[in-house]
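# This is the structure alone, sequence omitted:
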């Protein structure tokens with residue numbers, strides 16, 4: 001997976017086209033002209049007020065999804081998701 005900054009949202013997805021489609025479906029805003037790929041070690045704000053690297057947030061989310069799969073709960077492991085929302 002890679003991380004893409006689209007507006008104020010950072011989205012993890014396998015491909016930029018997946019990130020764009022996810023942004024349009026979930027955020028519902030028009031795509032901005034600038035979409036950039038971010039480094040995995042970039043720090044972003046978390047919901048609890050702390051900061052974490054994109055890598056740690058993506059790994060935590062993938063671990064949660066793997067746990068769901070082990071429990072028999074269907075989920076798409078590599079489905080795009082919002083990593084963080086920038087202020």
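Received the coordinates, thanks. The structure displayed is predicted, hence computed values, not measured ones.
# Please list the residues outside the longest helix seen in the chain that contact it.
Identified as the longest helix of the chain according to DSSP state H is helix 54-70. The contact list for helix 54-70 (CB atoms under 8 Å, 6 or more residues apart in numbering) reads 1, 3, 10, 12, 38-44, 46, 74-77, 81, 83-84. Quick note: C-beta positions are derived from backbone N, CA and C, even for glycine.
# List the buried residues of that helix.
Using 16 or more other CB atoms under 10 Å as the burial criterion, the residues of helix 54-70 that qualify are 54-58, 61, 65.
# for stretch 77-87, same thing?
80-84.
# Can you tell me what sits against it?
Defining contact as CB under 8 Å, 6+ apart, one finds that stretch 77-87 is touched by 1, 3, 5, 8-14, 18-19, 21-22, 26, 44-46, 54, 57-58, 61-62, 65-66, 69.
# follow-up on the earlier one: tabulate the buried residues of helix 54-70 in CSV, adding columns for pLDDT.
Putting the buried residues of helix 54-70 into CSV (pLDDT from 0 to 100) gives the following:
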residue, pLDDT
54, 95
55, 95
56, 95
57, 93
58, 93
61, 90
65, 88
